[in-house]
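Undergrad: let me see the structure of the following:
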Amino acid sequence: MSFDSLVKSRIIAHIVGERRQMQRRAAFERRRARRGAGHVVDYFHDMADPYCHLTAQVLHRFQERYDIALRPHLISGPPDWAAPDRAGLDAYARADAARLAQRAGLSFPATPVPPTAERLARARAQLAASLTQPDFAQTAVALSNAVWQGAAFPTAPETDPAEAMAQGDARLAQQGHYLGATFCYGGEWYWGLDRLHYLETRLRALGAARPGAPTDLIFSPPDPDPQPAHHRGEVIEAFISFRSPYSYLAFDRARDLARARGAEFRFRPVLPMVMRGLPVPRAKRLYIIHDAAREARRLGLPFGRICDPLGLAVERGYALIGYAREAGRLDDYASSFLRGVWAEGIDARTDRGLARIVERAGLDWDRARPRLQSDAWRAEVEDNRNALSALGLWGVPSFRVEDRAFWGQDRLWLFDTDRAKGS
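TA: Coordinates of the predicted model:
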């Protein structure tokens, strides 16, 4: 590793580390206490976002449990750079929200009809009029039900939502995010049901739970069930990018689940989004790296000594996939590479760094090195991209298990058919 790479990896580890997180939180709380301010939580709602429909259903419970001031904002939806395939994203979000709703005991139509522009406009007009009202949470649920379940709209005041949406969009961007169903407290972001437990845990540590509030979390991340050895013949395909921190968090866990089930695990590498011509702006990069860091801590995985493998390092890493597969060590090699660049600061652009990744996976560097000149991997990676697109997906990590496909390291519980159906 070069000196520059070593320094950068240590700096990033400090920035995303738990100690730094605690320092930032403590500084924020000191400033808040000096102002005599309460716990103010910003919440950003997009009427067209299925995840916002789920989040709206827990807002009232959230307010009842914690001594907070909820400051809601109406937004217009993700910018184009955050939704490179907007129609595909919308379709997947509806399907994923339906599965998540079943798991969380919330409501979402099994076969939702996309809301019409007219119904969205009316819902936004009523929600904009309720942003400063104490019953915002109840109004948001009623309007969300009208939009997503075809229920009748409540009789309520309306106003032109354009100004409220412009203000919400501006505040969302200013504070550093891009999605709806998001909460922001003290400079940290919490997306939807999946990350609300982090905010709840933080508020409890601050003594902000109301007296007599339930001690359970509104929603806890489900643990995947390995279901030992009764899925022989099943194939679990994992679409993974060496440049994705979420792929790193998912790879070993998904492989171990496949082994416990007696299923075949099939690693299918794809190029990083940036190398596929898809933009990943700074706000998204920052959120992802901080979110991946706290997820790694929750999962007990090392993370943060990062040597970004974008470009040459990914290409070199993928060039050795064929050799690793022939040697019967592909999964070990992929695991070693992901851990090396996301947790150990190994520079895969260098022979020294890549040799370390290769050799600890049980492979021979002298045999691997000549394969770095091969471009044969490009056809395989392109085939995998096409297969991923055919599933209606584009992000990583994504998985296909029989007739089911899903996206995200926090969806491994969907490996189990029964739990995926919410039973």
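Undergrad: and the closest residue to Ser9 other than its chain neighbours, how close does it get to Ile11?
TA: In this structure, Ser9 finds its nearest non-sequential neighbour in Gly345, 3.2 Å apart by CB to CB, 6 or more residues apart in numbering. For the C-beta atoms, the positions are set from N, CA and C on the backbone; glycine is no exception. As judged by CB to CB, to the nearest Å, Gly345 and Ile11 stand 10 Å apart.
Undergrad: higher neighbour count, these two?
TA: Comparing Gly345 with Ile11 by other CB atoms under 10 Å, the one with more neighbours is Gly345, at 21 against 11.
Undergrad: how about the secondary structure of the more buried one?
TA: What DSSP: H, G, I helix; E, B strand; the rest coil gives for Gly345 is coil.
Undergrad: for it, give its distance to Arg19.
TA: Counting by CB to CB, the gap from Gly345 to Arg19 is 18 Å.
Undergrad: next, give phi and psi for the residue nearest to Ser9.
TA: For Gly345, the backbone dihedrals are phi 70, psi 30 (criterion: degrees, to the nearest 10).
Undergrad: mind telling me what element Arg20 is part of?
TA: Using DSSP states H and E, Arg20 falls within helix 18-35.
Undergrad: go through that helix and flag the buried ones.
TA: Gln21, Arg25 (16 or more other CB atoms under 10 Å).
Undergrad: list of residues touching that helix?
TA: His14, His39, Gly186, Gly187, Glu188, Arg202, Leu206, Arg294, Arg297 (CB atoms under 8 Å, 6 or more residues apart in numbering).
Undergrad: just the ones of these in strands?
TA: Those of these mapping onto strands are His39, Glu188, per DSSP state E.
Undergrad: biggest separation within the contacts of helix 18-35, which pair?
TA: The span of the contacts of helix 18-35, defined through CB to CB, is set by His14 and His39 at 27.2 Å.
Undergrad: show me where the stretch 51-200 of the chain has helices.
TA: Assigned helices in the stretch 51-200 of the chain, in chain order: 86-104, 117-130, 136-149, 162-175, 192-205 (criterion: DSSP state H, counting those that start in this stretch).
Undergrad: now render those helices as JSON lines, adding mean pLDDT.
TA: Shown next, in JSON lines, are the helices of the stretch 51-200 of the chain (pLDDT from 0 to 100):
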{"stretch": "helix 86-104", "mean pLDDT": "92"}
{"stretch": "helix 117-130", "mean pLDDT": "97"}
{"stretch": "helix 136-149", "mean pLDDT": "95"}
{"stretch": "helix 162-175", "mean pLDDT": "97"}
{"stretch": "helix 192-205", "mean pLDDT": "98"}
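Undergrad: possible to save the ones you listed as a markdown table with distance to Gly311?
TA: Supplementary listing: the helices of the stretch 51-200 of the chain in a markdown table, determined by distance: least, CB to CB, whole Å:
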| stretch | distance to Gly311 |
| --- | --- |
| helix 86-104 | 26 |
| helix 117-130 | 41 |
| helix 136-149 | 42 |
| helix 162-175 | 28 |
| helix 192-205 | 30 |
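Undergrad: quick one: which of these is nearest Asn386?
TA: If you check each of the helices of the stretch 51-200 of the chain against Asn386 by CB to CB, helix 86-104 wins as the nearest, at 14.0 Å.
Undergrad: residues in contact with the closest one: which ones?
TA: 48-51, 53-54, 78, 80, 83, 106-110, 112, 114, 193-194, 219, 222, 392-394, 406-407, 411, 413-414, 419-422.
Undergrad: circling back: more neighbours, His14 and His39?
TA: Using other CB under 10 Å, the more surrounded residue of His14 and His39 is His39, with 18 against 11.
Undergrad: OK, contacts around the more buried one?
TA: By CB under 8 Å, 6+ apart, the contact list for His39 reads Arg32, Tyr66, Asp67, Ile68, Ala69, Tyr185, Leu203, Leu206, Ala208.
Undergrad: mind running it again at 6 Å?
TA: Listed by CB atoms under 6 Å, 6 or more residues apart in numbering, the contact set of His39 reads Ile68, Ala208.
Undergrad: cool, and Pro157?
TA: Contacts of Pro157 (CB under 6 Å, 6+ apart): Ala129.
Undergrad: in the stretch 201-350 of the chain, where is pLDDT below threshold?
TA: 226-231, 274-279 (pLDDT under 70).
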